[in-house]
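Peer 1: Could you look at this predicted model? Sequence included:
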Amino acid sequence: QAIKNGEEALGATPQAHPNRGGIQNTLGGMLFVRFEQLRARNDLQKGIERSENALATAPPDHSDLAAIYKNLENMLRT
């Protein structure tokens, strides 16, 4: 349910909204947790895509930048 809610929140957030990257990163993290539980590679791939999108849209001084890098690192090391 959390992933569904995250996807709905992302869909309702405008492309240029400053919180969009944070929402994508959170959704990526949730997908990664589900991957760790169910081992569904599709969840891992979607999680990586969400975090990569968050990184691509985050300004260099964004407060969530370290968390985005950390989530992406964890997923890529898997």
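Peer 2: Received it, and whenever you're ready, just let me know what you need. Numbers count the residues shown, from 1 in each chain.

Peer 1: elements contacting the lengthiest helix in the chain?
Peer 2: Counting residues, the longest helix in the chain under DSSP state H turns out to be helix 20-38. Counting contacts by 3 or more Cβ pairs under 8 Å, 6 or more residues apart in numbering; DSSP states H and E, helix 20-38 is packed against helix 2-12, helix 41-57, helix 65-76. Glycine gets a C-beta too; all of them are placed from N, C-alpha and C.

Peer 1: Go through it and flag the buried ones.
Peer 2: For helix 20-38, the neighbour count (16 or more other Cβ atoms under 10 Å) marks 20-32, 34-35 as buried.

Peer 1: just the angle between it and helix 41-57, please?
Peer 2: 160 degrees (axes from the mean of the first three to the mean of the last three Cα atoms, to 10 degrees).

Peer 1: and helix 20-38, how far from the chain's centre?
Peer 2: Relative to its chain's centre, helix 20-38 lies at 5 Å (Cα atoms, centre = their mean, to the nearest Å).

Peer 1: send the alpha carbons of that helix over as PDB?
Peer 2: Provided in PDB are the C-alpha atoms of helix 20-38 (Å, rounded to 0.1, in the frame of the first residue of the first chain):
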ATOM      1  CA  ARG A  20       9.500  15.700  -6.500                       C
ATOM      2  CA  GLY A  21      13.000  14.300  -6.200                       C
ATOM      3  CA  GLY A  22      12.500  13.500  -2.600                       C
ATOM      4  CA  ILE A  23       9.300  11.700  -3.400                       C
ATOM      5  CA  GLN A  24      11.100   9.700  -6.100                       C
ATOM      6  CA  ASN A  25      13.900   8.800  -3.700                       C
ATOM      7  CA  THR A  26      11.500   7.700  -1.000                       C
ATOM      8  CA  LEU A  27       9.600   5.600  -3.500                       C
ATOM      9  CA  GLY A  28      12.900   4.100  -4.700                       C
ATOM     10  CA  GLY A  29      13.700   3.200  -1.200                       C
ATOM     11  CA  MET A  30      10.400   1.500  -0.600                       C
ATOM     12  CA  LEU A  31      10.800  -0.500  -3.800                       C
ATOM     13  CA  PHE A  32      14.200  -1.600  -2.600                       C
ATOM     14  CA  VAL A  33      12.800  -2.800   0.700                       C
ATOM     15  CA  ARG A  34      10.200  -4.800  -1.100                       C
ATOM     16  CA  PHE A  35      12.900  -6.200  -3.400                       C
ATOM     17  CA  GLU A  36      14.900  -7.300  -0.300                       C
ATOM     18  CA  GLN A  37      11.800  -9.100   1.000                       C
ATOM     19  CA  LEU A  38      10.400 -10.700  -2.100                       C
END
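
Peer 1: No more questions from me, cheers.
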